[in-house]
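> Structure for this input, please:
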Amino acid sequence: MAKEVVAKIKLQAPGGKATPAPPIGPALGQHNVNIGQFVSQFNEATREFNGMPIPVVISVYGDRTFSFEIKSPPAAALLKEAAQVAQGSGTPNKEKVGSVTKDQVRAIAQRKMKDLNAREIEKACKIIEGTARSMGITVQG
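Numbering: from 1, shown residues only. Here you go, the predicted structure:
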């Protein structure tokens, strides 16, 4: 018989560097989940992301056990890494902070494809290009 899901928790935590501090500790603590066990399993599973924010969906069951599903990093974080900028522009329509190539956009779209609302890679590229524009990052050739 399948376990009953009591709660689903959606968080973002730094890959490979999560700690029991907020937001993880309070979110799991209110459901009586072993926070240390989650943190160690999450850090082990996301070691290669090295501090990049990673979305995770945690399913908490009636017997206080849990399982989690790791999503791909946010498009904004991947674009900042590709453009080598610290943050996006405060006024993206006037001030540009960096640029990425179409090939970099395509690579990001392929990496995020399973989490995007698109069936074709060209449409996924359009979504990523829109995110880049809203951050003040130009897409070149």
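> Show me what the lengthiest helix in the chain is packed against.
Under DSSP state H, the helix in the chain containing the largest number of residues is helix 121-135. Contacting helix 121-135 under the criterion 3 or more Cβ pairs under 8 Å, 6 or more residues apart in numbering; DSSP states H and E are the following elements: helix 75-83, helix 102-112, strand 137-140. The way it works is simple: take the backbone N, C-alpha and C, and place the C-beta from them, glycine included.
> tilt between it and helix 102-112?
Here helix 121-135 points in a direction 110 degrees away from that of helix 102-112 (axes from the mean of the first three to the mean of the last three Cα atoms, to 10 degrees).
> Run the angle between helix 121-135 and helix 75-83 for me.
With the same axes, to 10 degrees as the basis, helix 121-135 and helix 75-83 are set at 80 degrees to each other.
> What are the buried residues along helix 121-135?
Judged by neighbour count using 16 or more other Cβ atoms under 10 Å, the buried positions of helix 121-135 are 124, 125, 127, 128, 129, 131, 132, 135.
> so the fifth one makes contact with residue 140?
So the one you mean is residue 129. No. Counting by Cβ atoms under 8 Å, no contact exists between residue 129 and residue 140, whose distance comes to 11.0 Å.
> What distance do you get for the residue nearest the centre of the chain to residue 36?
Among the residues of the chain, residue 73 comes closest to the average C-alpha position under Cα atoms, centre = their mean, at 2.9 Å. With the distance defined as Cβ to Cβ, to the nearest Å, residue 73 ends up 24 Å from residue 36.
> Also residue 82?
Computed with Cβ to Cβ, the distance linking residue 82 and residue 36 is 34 Å.
> Those two: which is more packed in?
For residue 82 versus residue 36, neighbours defined as other Cβ atoms under 10 Å are more numerous around residue 82 (20 against 11).
> what's the distance between that one and residue 107?
Note on residue 82: its distance to residue 107, by Cβ to Cβ, is 8 Å.
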